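1. need a structure here:
(2 chains)
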Amino acid sequence: MNQPNASTDIRRDLVALLPRLRRFALTLTGGAPEADELVRDVAGRAIQKSHHWKGEGRLENWLFSMMRSTWADEAKKRRRMDPDLVDAGCAPESRKPSNFVVSLPDGLASAFLLVDVEGFTYSEAAAILGIQPDLLATRLCAARFDLATTGVRTSERRA
Amino acid sequence: MSTAQPSPLELRLSAYVDGEAGEHDRHSVEELLVNDPQARALHDTLKRGADIGRQAFDDMLKEPVPLDLVRAIRNAPLPRRAVRLPQAPRPSIAFKPSAPRVFAACLLFFALGSGAGYMLGNRPATPEVTAISAPGASSRDWLDDIIAQYRLYARQTNHLAEIPAERAADILEWLTTNTGVGFRIPDLGDSGLTFQGARLFTAGGTPVGQLLYRRTDGEGDGDVIAISFTKTRPDGNRSIEEIRNDTGLVTWVTPLATYMVIGPSSAADLDDIAAKAAGLI
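-> Residues are numbered from 1 along each chain as shown, chains lettered A, B, ... in the order given. Down below sits the predicted model:
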């Protein structure tokens, strides 16, 4: 008898990736409750669309892209409802994120996370964030300078 | 917080840190780092920023993940999808007629057509044509018997199985001898199913072996899932996935037997169970 291919359960992979998905979501939303809601939403979509995932490349790539576009749609909806809201990717000051990296402005944290921490190339990270590689390089460079300055301030405060 | 636009030198240094600088640019940046103290200082700042950021992001992984999020993902229902089940081997016929063969076939069909037309033309007219119906045609088929059997026993609490799960050797001997189908008892614990025992019955006049499982984990707790096997072949020798009344049925065919997974139509993972069982039975 021919044996069928072992079917992989994407839910297992999602649970394993959960801390990293949540971390990326935090760079987009700037706040933990919104990040958790975004992860829940994207995980649900990924499970429903799991047949689209052909196992080529990194699963994170697909999930991060989906998360970014979901958050962009969500941000558009929120802006329509309240035009005074700030741009997506920039954490509002009122939310006071627990980690200073998340409070980097203008999507710098997402660019930094994808390239410096997750190890994506410039072109992969730019595709995930839906921006040009040049803009990604600019954000990455700015993020490093910001982190160097903010990091020093943070350690001085702790001391 | 405001962010100044990085200068071209800063951008080049940043790309150099990532190994994204081109060959020529890499050499010129390395030269700069040797000769220009300001470039060296910028490079060090970039590296320090990267280290601080990496450390901060690594720390974020240590934060606990909300348990309800984990639970929501683990318990999310999988979408129903087509599962490729094993098919009975089909003979492969290569049909590549040559030009003379095509010509000969055309001539043959022409001759046959002419002959048939001539004969019909010479036939005396008949007053009416008698309709011939298939003798004993019935909308019921042997799969209906399988479903009926499942529906009868799936509701049993005390008399679900004829031979209990503990007597595995007895089950193997009894069902193999009577159905003529060799099998193993699949362990479907991964799908939350616990083996309860087995039954023997007939469907369409042929013996059918049935292994009965009860769901002890996840959604549909308590549901009975049955794996049946028989020598009978479905029409067209093909796999079937369908719902009859409130019962779902997934079949697959091998050269020796037909196997079925039967369960409540609400069980979204019947095809997954079938795929697993096909590899284990």
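2. Can you give me every residue that contacts the residue nearest the centre of chain A?
-> Residue closest to the mean C-alpha point of chain A, counted by C-alpha atoms, centre = their mean, is A:F24 at 3.0 Å. Taking C-beta atoms under 8 Å, 6 or more residues apart in numbering or on different chains as the criterion, A:F24 is in contact with A:64, A:67, A:110, A:113-114, A:118. (C-beta placed from N, C-alpha, C; glycine too.)
3. tell me which element it is part of?
-> According to DSSP states H and E, A:F24 maps onto helix A:10-29.
4. Counting neighbours, which bits of the next helix or strand along the chain from that helix end up buried?
-> Where DSSP H and E defines the elements, the next helix or strand beyond helix A:10-29 is helix A:32-48. Using 16 or more other C-beta atoms under 10 Å in any protein chain shown as the test for burial, helix A:32-48 gives A:32, A:34-36, A:38-43, A:46-47.
5. picking up where we left off before, what separation is there between the residue nearest to the centre of chain A and A:S65?
-> Distance of A:F24 to A:S65, given as C-beta to C-beta, to the nearest Å: 11 Å.
6. neighbours around B:T216, how many?
-> Neighbour count for B:T216, taken as other C-beta atoms under 10 Å in any protein chain shown: 13.
7. Name the nearest residue to it, sequence neighbours excluded.
-> Among residues not flanking B:T216 along the chain, B:T194 sits closest, at 4.7 Å (C-beta to C-beta, 6 or more residues apart in numbering or on different chains).
8. Please apply the same query to B:D190.
-> Using C-beta to C-beta, 6+ apart, the nearest residue to B:D190 is B:K276, at 7.1 Å.
9. Who are the contact partners of that neighbour?
-> So, once contact is read as C-beta under 8 Å, 6+ apart, B:K276 ends up touching A:7, B:186, B:188, B:190-191.
10. Strands - which of these land there?
-> The members of the contacts of B:K276 all map outside strands under DSSP state E.
11. Among those, which one sits closest to A:K76?
-> Of all the contacts of B:K276, A:K76 sits closest to A:S7, with 36.1 Å by C-beta to C-beta.
12. Wait, a strand at A:E74?
-> No - applying DSSP: H, G, I helix; E, B strand; the rest coil, one finds A:E74 to be helix, outside a strand.
13. returning to that earlier point: nearest to chain B, of the contacts of A:F24?
-> The closest of these to chain B turns out to be A:L113 (C-beta to the nearest C-beta; 5.8 Å).
14. Just confirm that closest one contacts A:T27, I think it does.
-> Yes - with contact defined as C-beta atoms under 8 Å, A:L113 counts as touching A:T27 (5.3 Å).
15. hey, what's in contact with both of the two?
-> With C-beta under 8 Å, 6+ apart, A:L113 and A:T27 have common neighbours A:V101.
16. any chance you could read off phi and psi for the residue nearest to B:T216?
-> Per-residue torsions, B:T194: phi -110, psi 130 (degrees, to the nearest 10).
17. circling back: show me which of the contacts of B:K276 is closest to A:P133.
-> Nearest to A:P133 among these is A:S7, at 36.6 Å by C-beta to C-beta.
18. Look up the pLDDT of the closest one for me, please.
-> Here the pLDDT value assigned to A:S7 is 43.
19. Distance of the residue of chain B most remote from its centre relative to B:R48?
-> Farthest-out residue of chain B from its mean C-alpha position, per C-alpha atoms, centre = their mean: B:N35, at 63.3 Å. B:N35 sits 21 Å away from B:R48, taking C-beta to C-beta as the criterion.
20. again with A:N61
-> To B:R48, A:N61 is 29 Å away according to C-beta to C-beta.
21. and what of B:Q38?
-> In this structure, B:Q38 and B:R48 are 16 Å apart, going by C-beta to C-beta.
22. Between these two, which has more neighbouring residues?
-> Counted by other C-beta under 10 Å, B:Q38 and B:R48 do not tie: B:R48 has more neighbours, with 17 against 9.
23. What helix or strand is that one located in?
-> Using DSSP H and E, B:R48 maps to helix B:37-60.
24. Pull that helix out as CSV, backbone CA atoms only.
-> The C-alpha coordinates for helix B:37-60 follow below in CSV (Å, rounded to 0.1, in the frame of the first residue of the first chain):
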residue,chain,number,x,y,z
PRO,B,37,38.7,58.1,12.7
GLN,B,38,35.2,59.6,12.3
ALA,B,39,34.1,56.7,10.1
ARG,B,40,35.6,54.3,12.7
ALA,B,41,33.6,56.0,15.4
LEU,B,42,30.3,55.8,13.4
HIS,B,43,31.0,52.2,12.6
ASP,B,44,31.5,51.5,16.4
THR,B,45,28.2,53.3,17.2
LEU,B,46,26.3,51.3,14.6
LYS,B,47,27.8,48.0,16.0
ARG,B,48,26.9,49.1,19.5
GLY,B,49,23.4,50.0,18.5
ALA,B,50,23.0,46.6,16.9
ASP,B,51,24.3,44.8,20.0
ILE,B,52,21.9,46.8,22.3
GLY,B,53,19.0,46.1,20.0
ARG,B,54,19.7,42.4,19.6
GLN,B,55,20.0,42.0,23.4
ALA,B,56,16.7,43.9,24.0
PHE,B,57,14.9,41.8,21.4
ASP,B,58,16.4,38.6,22.9
ASP,B,59,15.1,39.6,26.3
MET,B,60,11.6,40.0,24.8
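25. what about the helices in chain B?
-> Using DSSP state H, the helices found in chain B span residues B:8-17, B:23-35, B:37-60, B:67-74, B:99-122, B:142-154, B:168-179, B:270-280.
26. Could you tell me the average pLDDT over the last one, please?
-> If I follow you right, that is helix B:270-280. 85.
27. Apart from its neighbours in sequence, what residue is nearest A:L38?
-> In this structure, A:L38 finds its nearest non-sequential neighbour in A:A25, 4.6 Å apart by C-beta to C-beta, 6+ apart.
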